[in-house]
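I need the structure of the sequence given here:
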Amino acid sequence: MKNELVKADVTVVGGGLAGVCAAIAAARLGQTVSLINNRPVLGGNSSSEVRVWVCGATGHGIHRYARETGIMGELFIENQYRNMDGNPYFWDMVVHEAVRAEPNIQVFLNTDVHEVEADGTEDDRTIRSVTGWMMASERRIRFESPIFLDCTGDGLVGFLAGAKHRIGREAREEYNEEWAPLVADDITLGSTLLFYTKNVGHPVRYIPPSFAKDITKTTIPERRIIRSGDNGCAYWWIEWGGELDTVHDNERIRDELWSVIYGIWDYIKNSGKFDAEHMTLEWVGSIPGKREYRRFVGDYVLNQNDILAQREFEDRVAFGGWSIDLHPPQGVYSTEAGSKHLHMDGNYHIPFRSLYSANVNNMLMAGRDISASHVAFGTTRVMATCAVIGEAAGTGAALCASKGVSPRELYLQHLGELQQTLLRQDASIIGLRNQDPADLALSARATASSTRSRLAVERTAKIVPLDADLGLLVPVSPALNGVELLVDAYADTELTVELWSTGRAENYVPKERIAAATASVPRAGLQWVKLDLAWQPERAQNAFLVLQANDALALHFDDHTTTGVLAFRKGAKPVVSASLEDHQPDQPVVQWSMRPFVRMTPCFRLTAPTEAYAPAQAIDGYIRPYGGPHLWSSAPIRSGELEWLELRWDQPVTLQSIHLTFNDDVNEDLINLHHHITPFEAIPDLVKDYRIEGFTNGEWRTLTEGRDNHKRKQVHRLALAVTTDRLRVIVEATNGSPFAEIIEVRVYA
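From the prediction side, this is the model:
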């Protein structure tokens, strides 16, 4: 046996997306990191070993402008560029390369941590080390650091260290949660195995193994959706084990799930009910994808009421948006719907106090083991949310290590620095503004070659009947003074439009009715109809226009997106059967669906100019939509002309680092594997080619440039510092958009 000792500033145990993002975040802030994973690949449940697709705040199109940024956003964008078809092995490499790109990270794969050295009292414990066995290498490795992150999912490190934790469901009265049971119990969500199928082009027979379950003797064919061409994520409902111990009974759960999969395939192949003669099983998982086990107790326990109220914690460091998604304990054998969803009106906030242990003073946690009730865990558990939590925890760990403080002390004494560090790294926090005193851009004035001050969509590509209420969301900055809509009328009629506010700046549903207007529409095609709607809110925000249903009218749509503008249909048909997923259609974000209008925009014109895309928006401190788009957008790019954004200071500044954040359309619901396809490698809105110029010695000089860009954020560190009073970013080409768009420019000495 080979015994080794590895010391680092931060030790991260668990190589799922939470652990990966935690490790990268800490490493980018200059801390040395040991990243330990007990599997041969990174990515956890998203890896090629398990193949669960990465869900997050978008809720597959339920929430708007909700895709994660920061490290998780980088992974989404890079995977889309390299792996548009969702090959699970290519996804493995995207994750692996992101970790390998950080020189401060040492990766230990196939290393199972099962020993923890900790001391102290029950209420104040300290982890001294963790020890793991590297399988197939016969290496016993002891890891020491001042700060540890438990990203194991099952919470093994914290458990062995004596961290306070919970398993199962709390009683309803504990947090006054409507969805909690009356009496506490040890029931959890179950585990899942997935499978892939393949059409091989010739007949394939199937002889089921002896342990395959005869599913015709169960409720599965009646209560679940089975189709011959489906595979992978379509069978998320092959779940079991919620009434068992999902860790200690893991082998039993796997065997039961295997019997179900091979039984379902027997039903598809041999029942005569499906066209599956040429189909075969290409891959069957062997590692159950666990949903739930231990949840640690932090200084705050996130609960259902926080989620639904979208509580704006002072220490918010991440966000989520997936519904509270709970499954019946009997899993695949339940006669209930396979999942039940409770939606909030928009994205919710996650506090830093839920990311560190209440009694182990040097342990943070990220992933599905954070401090949350069982009901709240129903939403925080999805992997993209776990990933942004990981980035927040990893950033906190790095600051703890560099300052020599505990996570609780970091919260009490350095919360502002933690949040501002996350924003500088483009992490996912909603509603917080950049207030970094080191950012020179905040003291500059912004101008541009042009600005999109006329907000109009006049190109028509499709006609949509107004047979249901339709919604149109537009930014109002500073005022709305009328809107025109392009319609066809099949008879003399009237068009009625209501104007609603959205309430919270992060929400995109109608909340409060402000006004209404009605216009007469003569029978005719392709006509602009003006609605006299006026509104001047106290601050810039979005307006939600409700076009009331009228069978005599149809609305024209463009087949392109328009930044800051969204379309909705009320009462759109659910994507899947309600017997499989209960989404309760009276919830606002379910009522108002944007799925029928993916990458489409209604034809409309605002009759007054808008300031929503002004150059100053690129230095206003916001890095994602929040009551408006918060970016600079040029007027339509004209052939042969370049668009630019310029910063000017009253006195010369000395700079050496420039951060550019480009628009990657966080409304686009990207996916890592096979749930759906987004049909372009690079987000069209992204700037592709650009250069950065400084005005020195009476002339513009190129300082650096970017070519073939497909990323949201680029950081340019100049070889030599430059002193100037003017800096500009010149956009030479986009990835397809007719507008040049920049979310943020930061400048540092």
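
how about the strands in the stretch 451-600 of the chain?
Using DSSP state E, counting those that start in this stretch, the strands of the stretch 451-600 of the chain run over 456-457, 462-465, 470-476, 480-489, 493-501, 512-521, 524-535, 541-547, 553-558, 566-570, 581-582, 592-593.

before we move on, what SS does the closest residue to Thr280 other than its chain neighbours have?
Closest residue to Thr280 apart from its sequence neighbours, by Cβ to Cβ, 6 or more residues apart in numbering: Val204 at 4.5 Å. Glycine gets a C-beta too; all of them are placed from N, C-alpha and C. Val204 carries the three-state label coil when classified by DSSP: H, G, I helix; E, B strand; the rest coil.

Show me what the one helix or strand in the chain whose mean pLDDT sits lowest pairs with in its sheet, parallel or antiparallel.
Taking mean pLDDT, DSSP states H and E as the measure, strand 581-582 is the helix or strand of the chain with the lowest mean score, a mean of 88. Strand 581-582 pairs in its sheet with strand 339-342 (parallel), by DSSP bridges.

pLDDT below threshold where in the stretch 551-700 of the chain?
Scanning the stretch 551-700 of the chain for pLDDT under 70 picks out the ranges 575.

what residue ranges in the stretch 1-150 of the chain score low on pLDDT?
For the stretch 1-150 of the chain (pLDDT under 70), the answer is none.

would you list every one of the helices in it?
Here the stretch 1-150 of the chain has its helices, by DSSP state H, counting those that start in this stretch, at 17-28, 70-82, 88-100.

Return the angle between stretch directions for the first one and helix 88-100.
Angle of helix 17-28 versus helix 88-100, following axes from the mean of the first three to the mean of the last three Cα atoms, to 10 degrees, is 30 degrees.

so how far is helix 17-28 off the chain centroid?
Mean-position distance between helix 17-28 and its chain equals 16 Å (Cα atoms, centre = their mean, to the nearest Å).

hmm, back to that, which of the helices of the stretch 1-150 of the chain sits most buried?
A comparison of these by mean neighbour count, using mean count of other Cβ atoms under 10 Å, puts helix 17-28 on top with a mean of 31.

Is the residue nearest to Thr280 in contact with Glu277, as I believe?
Yes: taking contacts as Cβ atoms under 8 Å, Val204 lies within contact range of Glu277: 7.4 Å.

between these two, who's got more neighbours?
Applying other Cβ atoms under 10 Å to Val204 and Glu277 shows that Val204 carries more neighbours, namely 15 against 12.

got a list of what the more buried one touches?
Shown in contact with Val204 (Cβ atoms under 8 Å, 6 or more residues apart in numbering): Glu277, His278, Met279, Thr280.

Number of residues surrounding the third one?
When you say that, I think you mean Met279. Neighbourhood size, Met279 [other Cβ under 10 Å]: 21.

quick one, what contacts it?
Counted by Cβ under 8 Å, 6+ apart, Met279 has contacts Thr197, Lys198, Asn199, Val200, Val204, Ser228, Ile268, Lys269.

make it 6 Å
Going by Cβ atoms under 6 Å, 6 or more residues apart in numbering, Met279 touches Thr197, Asn199.

what bridges to it?
For Met279, the beta-bridge partners under DSSP bridges are Asn199.
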